[in-house]
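Asker: Dropping a prediction and its sequence here:
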Amino acid sequence: MNRLLLWFHKLGSPPYFDRFAARWAPWAYVAGLIVMAWGLYGALFVVPADYQQGDSFRILYIHVPSAWMSMAVFGLMAVYAAIALVWRIKLCEILAMACAPIGAAFTVITLLTGAIWGKPMWGTWWDWDPRLTTELILLFLYLGVIGLYNAIDDRRAAARAAGFLAIVGVVLLPVIRYSVVWWNSLHQGQTIRLMGESTMDASMVQPLIWMIVGTKLWFIGALLMRARADNLRRESGKAWVAQLATAADGRTP
Amino acid sequence: MNDYIEYVIAAYAVFFVVLGWDFVTTRLQIRRELQKVRRSAARAAATRMPSNELSR
């Protein structure tokens, strides 16, 4: 068997995944923190203030990466959920459900930092603007997935029901993305483009890229840890978890 | 850096508090799961112990 395929096959084993997550999650967290620290240094101390917005534009360096993460995590959750529904892979159920609280956290950051930026720039904390409203619906979808997963006792049935909601909810992602194009929105249009020229000055873009990379690394750490917690919960009756619990006795896991 | 500084501080505080909450709750969840397993193992061990009544 191909070595990569063999590794994927092994990763499906709960004890193997636990060891993998316990080993790599701290590294992902540390890498994320270092990259974000570098990005924040640039955002707060290197980049000059915007000529119109003053220093309030520095909020963008946490708002934009969080907004991208809120959508990317939902997409990833739906992919895991679809794989779990089609091939009944337990690990994909766990990973899909682990995505939900992290994505919800990034959505909360997006909404709150957007409101904080909006007060001095728009003169209001909130407006029922298409972009803001669709992002709020995204938060409700995340909360729906979390609530549904915790409302059913059978973990596998719960993951299937919540996964189905995640797959259906994906239809919202293009609506959020194009809301500023389709409707007359108070929210500004696309400033940063992966393909083509950004309307933001190049000197201001670099810290943003670091922050985007940093939040992704942080997400990997958070996903592995949350998946590990759910994996332990599901496998709590198994001998390997008892061995692990005894070995970790008195130590922080 | 002094224009709208209070808004910048508040926004960054939200960012770190939410990410910190996510980090702490996950670690606590793992600790809770392992404690639960340890407690149930201790209970199972206690029920397996021979009683003094039978050995008399």
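Answerer: That came through, no problem.

Asker: how close does residue A:152 sit to chain B?
Answerer: 19 Å (Cβ to the nearest Cβ, to the nearest Å). The C-beta positions use only the backbone N, C-alpha and C, and glycine is treated the same way.

Asker: Just to check, that residue is in contact with residue A:160?
Answerer: No: between residue A:152 and residue A:160 there is no contact under Cβ atoms under 8 Å: 9.1 Å.

Asker: Between the two, which is the more surrounded one?
Answerer: residue A:160 (19 against 14; other Cβ atoms under 10 Å in any protein chain shown).

Asker: Show me what counts as buried in the helix or strand harbouring residue A:158.
Answerer: Per DSSP states H and E, residue A:158 falls inside helix A:155-169. Under the neighbour-count criterion of 16 or more other Cβ atoms under 10 Å in any protein chain shown, helix A:155-169 has A:155, A:158, A:159, A:160, A:162, A:163, A:164, A:165, A:166, A:169 buried.

Asker: which one of these sits closest to residue A:56?
Answerer: Proximity of those to residue A:56 (Cβ to Cβ) peaks at residue A:169, which lies at 31.8 Å.

Asker: so who does that closest one touch?
Answerer: Neighbour list for residue A:169: A:74, A:78, A:138, A:141, A:144, A:145 [criterion: Cβ atoms under 8 Å, 6 or more residues apart in numbering or on different chains].

Asker: got a markdown table for the residues you listed, with neighbour count, secondary structure and distance to residue A:60 too?
Answerer: Listed next are those as a markdown table, based on neighbours: other Cβ atoms under 10 Å in any protein chain shown; DSSP: H, G, I helix; E, B strand; the rest coil; distance: Cβ to Cβ, whole Å:
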| residue | neighbour count | secondary structure | distance to residue A:60 |
| --- | --- | --- | --- |
| A:74 | 26 | helix | 21 |
| A:78 | 23 | helix | 27 |
| A:138 | 26 | helix | 19 |
| A:141 | 22 | helix | 25 |
| A:144 | 15 | helix | 29 |
| A:145 | 29 | helix | 28 |
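
Asker: From those residues, pick out the ones that also neighbour chain B.
Answerer: Among the contacts of residue A:169, no residue lies close to chain B (Cβ under 8 Å from any Cβ of the partner chain).

Asker: Looking at the stretch 1-150 of chain A, what residue ends up closest to chain B?
Answerer: Nearest residue of the stretch 1-150 of chain A to chain B: residue A:54, at 3.0 Å (Cβ to the nearest Cβ).

Asker: That's all I had, so thanks and see you.
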